[in-house]
Structure formats: structure tokens, C-alpha cells
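Engineer: sequence and computational prediction follow.
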Amino acid sequence: MPQGAVEAAPVLVRGRGPSTAARVARLVREATLAVEGVAATSAGRLGRKGTPDRGEVIPGVVATALREGYELSLHVVAEPVPLYALADRLRAEVRARVAAGLPEVTVGPISIAFEDVAEPGLARLAPGGRSGER
Amino acid sequence: MIILLRAIARLVAFLLLVILAVTGLAVAVASLGGGGGFGIAGLAELVRLPQLEDLVRGLFDQVGGSGAAEPVPALAGLGAVAVGLLLLIGVLWPRRERLVNLERGKEGTLGARRRALAQVAAALAEQSRGVTATKVRVRPRRRRSGGRIELRALHPRSAEAKEVERQATGSLKPLTEPFSLKAKVRPRLGERGARVS
């Protein structure tokens, strides 16, 4: 994509290849789910937080094309682990995966929203565990 | 209560839009059918405004007449004012943000739903000694990042309230320290027979 151009919104047509935004979102979702402490990605109560991809939606990852690269918004259901450390791990993993899988894509800011906590079990939050990691 | 008022205000706004649309339609019909073009008098006649005026004049005479005020019209007037005020509250009351902004920087923003934060806070506090149950409320700051966690910690008679407060506040540190969150713990005596953790 030439510099300064903005990619058009993905067209919902079957049989076409995925848009770059959809490829980025799919890769980012895989990376997100691979991070320890993430239970799931969430499209929100109305199911609108996602990236459209040929008639379906990649839930919980919104990839927005910017002038330079992509801004990402992740909506995750976390396991009961320290959230700050989880956010750091998520950003690092996403950047590494995109750099490896789509080297032509530049990743901009990554916003993270913890939509829910998976279960109230607390073994990993206990003081002396991984609490307070930054 | 506010949610109900907001819903009623939305419904009223919708009904007003419908009335506006119907009025527009009536204007269009009056313009077409009159032969001589659109006329305010013709439109008023079409929607029976003179009859309505007679009806309202009777009510005004009742309210504004000499002697003691009629209770029913007076109460109806006060009720109408109250309904109007409630609708205004429903429209103007600021919506409470559900997402607590925990951090905002070049890397992007970091946020969490109030419910998720409340779950984590409750689970952390219930680990502390002497706390049998919790009730948590999370309030995000309006402009800046962060917020406030208000936690009610139930404890048995055998546990000191001050100690419960100290323990519960300490147990919330993994959540409050990395982010701009403030915790306020209020110890409360629990019911008889409650289990101590």
C-alpha cells in the first residue's frame, strides 16, 4: 500500500481474499489467545467489537488502518491474574507475532480493554504469587 | 431509577419525533388538498384546533377562576411539572462510564470494565484474614485515568474492624498500586454464623 493511502473498508464478499485489516486481526487474535492469562476475546454484549472478514467477524480485535500501520484494540476476558503484567505480555506478544507473520505491517498503539474476568478462583493473584508484577 | 428515567425520556423523544413526522404529513396533505395552497387556518381546522381550544379554555377558567383553587387541576399541573423535571433529569443526568481507564499513553490505552475490576477486587479482599464476604463498587474518574474502589468487607465479631480494614486494603494493592485506583474499605459486622476465611 503506498504511503499516505488509507485502505478501504473490507468488502463483505465471499470468494475474495481477506483484507489486510482482517489478516492482521486474525493474527492478533491468535497471538492474544496464546498469552497466558487470557481466557477469551470478547466482541462485547452487542457483538460489535471485531473486525469484519468476508461475511464474518473476528471477535474482540479491532484493527484500524492508519496513515502508517494499524491501530489495534483488544477486548479480552482475562483469567484472574495481575492485569498490568498481562497487558504488557499481550502487547509484546502481539507485536512479535505481527512482526514475524506480517512484516510489511506496522503496528501502532495497542489498546486493551478487560471486558470480564473468567472465574473468581484466585490462586494466581495471591500475595507472593505473581502479584504486583509490572 | 436513572436508567428508568433515561428509558422514559428516550420513549418520549421517540414519540415527539413521531408527532413531528405526523405533523409534517398533515402539512403536506393540507397543502395538496386545499386547492388554494397551504394555509395555517385550514390546517388548524383539519386537526380540530378550535375544539381543542374550547376544551383547554374550560380548564384554564377552572384553574384561574376566583375563589379556592380546584384540587384536581392544581394537582395535575404540579404532576405535569414533576414529570417534566424527571424527564429533564433522565435526559441530562450524565451517563456513568462502564469502562475504567487505567492508563493512557503512547502504547495505547488500558481499560477494564467496572464489573471485571469489582470481581478482581472482591476476590482479592476475600483472601484477607477475617473477611467473610464483600460488596464492591467501582467508580471511574470522569476525566483522568483511574478511579475509586469502594469495598464493604463483612467480618465476624471475633475480628477487629481496624485489622480487617488494614488487611483488606493491603490485599487490594496488586490491583490499586499499578493503576491510579484508590481503595476505600469499610468493615461491617457480618451476620451470625458467617464463615471466617
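Structural biologist: Yes, it's here.
Engineer: contact partners of stretch B:89-102?
Structural biologist: By Cβ atoms under 8 Å, 6 or more residues apart in numbering or on different chains, the surrounding residues in contact with stretch B:89-102 are A:83-84, A:113, B:2, B:4-9, B:13, B:109-114, B:117, B:138, B:140-142, B:144-147, B:179-181. To be clear about C-beta, it is placed using only N, CA and C from the backbone, and glycine gets the same treatment.
Engineer: may I have it exported as PDB, CA atoms only?
Structural biologist: Output for stretch B:89-102, consisting of C-alpha atoms alone and laid out as PDB, is shown next (Å, rounded to 0.1, in the frame of the first residue of the first chain):
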ATOM      1  CA  ILE B  89     -33.100  14.600  34.700                       C
ATOM      2  CA  GLY B  90     -33.400  11.500  32.600                       C
ATOM      3  CA  VAL B  91     -32.000  13.400  29.600                       C
ATOM      4  CA  LEU B  92     -29.400  15.500  31.300                       C
ATOM      5  CA  TRP B  93     -28.000  13.200  34.000                       C
ATOM      6  CA  PRO B  94     -24.500  12.200  32.900                       C
ATOM      7  CA  ARG B  95     -24.100   8.600  31.800                       C
ATOM      8  CA  ARG B  96     -21.800   6.600  34.000                       C
ATOM      9  CA  GLU B  97     -18.900   5.300  32.100                       C
ATOM     10  CA  ARG B  98     -18.700   1.500  32.200                       C
ATOM     11  CA  LEU B  99     -15.000   1.300  31.200                       C
ATOM     12  CA  VAL B 100     -12.500   2.400  33.700                       C
ATOM     13  CA  ASN B 101      -9.500   4.000  32.000                       C
ATOM     14  CA  LEU B 102      -6.500   2.600  33.900                       C
END
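Engineer: one step back: hmm, which of the contacts of stretch B:89-102 are the buried ones?
Structural biologist: Burial of the contacts of stretch B:89-102 was assessed by neighbour count (16 or more other Cβ atoms under 10 Å in any protein chain shown); the buried members are A:83-84, A:113, B:5-6, B:9, B:109-114, B:117, B:138, B:140, B:145, B:147, B:179-181.
Engineer: tell me the gap between stretch B:150-165 and the middle of its chain.
Structural biologist: 31 Å (Cα atoms, centre = their mean, to the nearest Å).
Engineer: buried stuff in it?
Structural biologist: Of the residues in stretch B:150-165, B:150-156, B:159, B:164-165 count as buried by neighbour count, 16+ other Cβ under 10 Å.
Engineer: narrow these to those in strands?
Structural biologist: Here DSSP state E is the test, and these give B:150-155 as lying in strands.
Engineer: which residues in the chain form strands?
Structural biologist: Picked chain A for this. According to DSSP E, chain A carries its strands in the segments A:38-41, A:50-53, A:56-59, A:61-65, A:70-78, A:107-117.
Engineer: wait, chain B was what I had in mind.
Structural biologist: B:99-105, B:108-113, B:133-140, B:147-155, B:181-189.
Engineer: can you show me the CA trace of stretch B:53-65 as CSV?
Structural biologist: C-alpha atoms of stretch B:53-65 as CSV (Å, rounded to 0.1, in the frame of the first residue of the first chain):
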residue,chain,number,x,y,z
GLU,B,53,-59.0,25.5,22.3
ASP,B,54,-62.6,25.3,23.8
LEU,B,55,-61.5,22.3,25.9
VAL,B,56,-58.4,24.0,27.2
ARG,B,57,-60.2,27.3,27.9
GLY,B,58,-62.5,25.4,30.2
LEU,B,59,-59.6,24.0,32.1
PHE,B,60,-57.9,27.4,32.3
ASP,B,61,-61.1,29.0,33.6
GLN,B,62,-61.3,26.3,36.3
VAL,B,63,-57.7,26.9,37.4
GLY,B,64,-57.6,30.7,37.1
GLY,B,65,-61.1,31.4,38.5
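Engineer: contact partners of it?
Structural biologist: Applying Cβ under 8 Å, 6+ apart, the external contacts of stretch B:53-65 come out as B:69-70, B:73-74, B:77.
Engineer: need these in CSV with pLDDT, can you?
Structural biologist: As requested, the contacts of stretch B:53-65 are exported to CSV (pLDDT from 0 to 100):
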residue, pLDDT
B:69, 66
B:70, 70
B:73, 74
B:74, 78
B:77, 82
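Engineer: what's the closest of the residues you listed to chain A?
Structural biologist: Top of the list for closeness to chain A, among the contacts of stretch B:53-65 and by Cβ to the nearest Cβ, is residue B:77 at 41.5 Å.
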